[in-house]
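> quick one, fold the following:
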Amino acid sequence: MFPSEAMGQIGNAGVTFVIDRSGKLISHALVESTGSPPLDAAALKMVERSEPFPKPPPEAKDDLQRITIFMTLDGVQRLVEPGPWADEAKLKAKINSVCRGC
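Down below sits the predicted model:
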């Protein structure tokens, strides 16, 4: 859920995170701040809620994988119909499928 105190704000965030071979989140940190603590917290929460991540491929040499992502958080309310990702379970499945095969 988008934090109510961040509604109306837009910002770019960078988050780096480490997963183990089972896809478990080991650590995560903000590497680029939006300039808004509520938006920064939302970026970190998005990574937390995406766990478990897909397992790294067998050919990955290291037991821990470091991934850095950059995102735009947009808390501007718009009058639109809910999209196909309004269902949290579908959104999580889509996010988790992005890293398959990387």
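
> hmm, who's touching the longest helix anywhere in the chain?
Secondary structure of the chain per DSSP state H: the longest helix is helix 37-49. Contacts with helix 37-49, where a contact means CB atoms under 8 Å, 6 or more residues apart in numbering, come from 2-3, 5-6, 9, 11, 13, 15, 17, 25, 28, 30, 33-34, 69, 71, 73, 75, 92. From N, CA and C alone the C-beta is placed, and that goes for glycine too.

> helices and strands around the host helix or strand of Val31, which ones?
Taking DSSP states H and E as the criterion, Val31 maps to strand 25-32. Packing partners of strand 25-32 (3 or more CB pairs under 8 Å, 6 or more residues apart in numbering; DSSP states H and E): strand 10-19, helix 37-49.

> if we use 10 Å, what do you get?
strand 10-19, helix 37-49, strand 65-74 (3 or more CB pairs under 10 Å, 6 or more residues apart in numbering; DSSP states H and E).

> now the longest one: buried residues?
Okay, so that is helix 37-49. Pro38, Leu39, Asp40, Ala41, Ala42, Ala43, Met46, Val47 (16 or more other CB atoms under 10 Å).

> could you dump it to PDB, C-alpha only?
The C-alpha trace of helix 37-49 is given here as PDB (Å, rounded to 0.1, in the frame of the first residue of the first chain):
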ATOM      1  CA  PRO A  37      11.100   9.700   4.000                       C
ATOM      2  CA  PRO A  38       7.600   8.300   3.300                       C
ATOM      3  CA  LEU A  39       8.500   7.500  -0.300                       C
ATOM      4  CA  ASP A  40      11.800   6.100   0.700                       C
ATOM      5  CA  ALA A  41      10.100   3.800   3.200                       C
ATOM      6  CA  ALA A  42       7.600   2.700   0.500                       C
ATOM      7  CA  ALA A  43      10.500   1.800  -1.900                       C
ATOM      8  CA  LEU A  44      12.000  -0.400   0.800                       C
ATOM      9  CA  LYS A  45       8.700  -1.900   1.700                       C
ATOM     10  CA  MET A  46       8.100  -2.900  -2.000                       C
ATOM     11  CA  VAL A  47      11.300  -5.000  -1.900                       C
ATOM     12  CA  GLU A  48      10.300  -6.600   1.400                       C
ATOM     13  CA  ARG A  49       6.900  -7.500   0.100                       C
END
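
> thanks a lot, see you next time.
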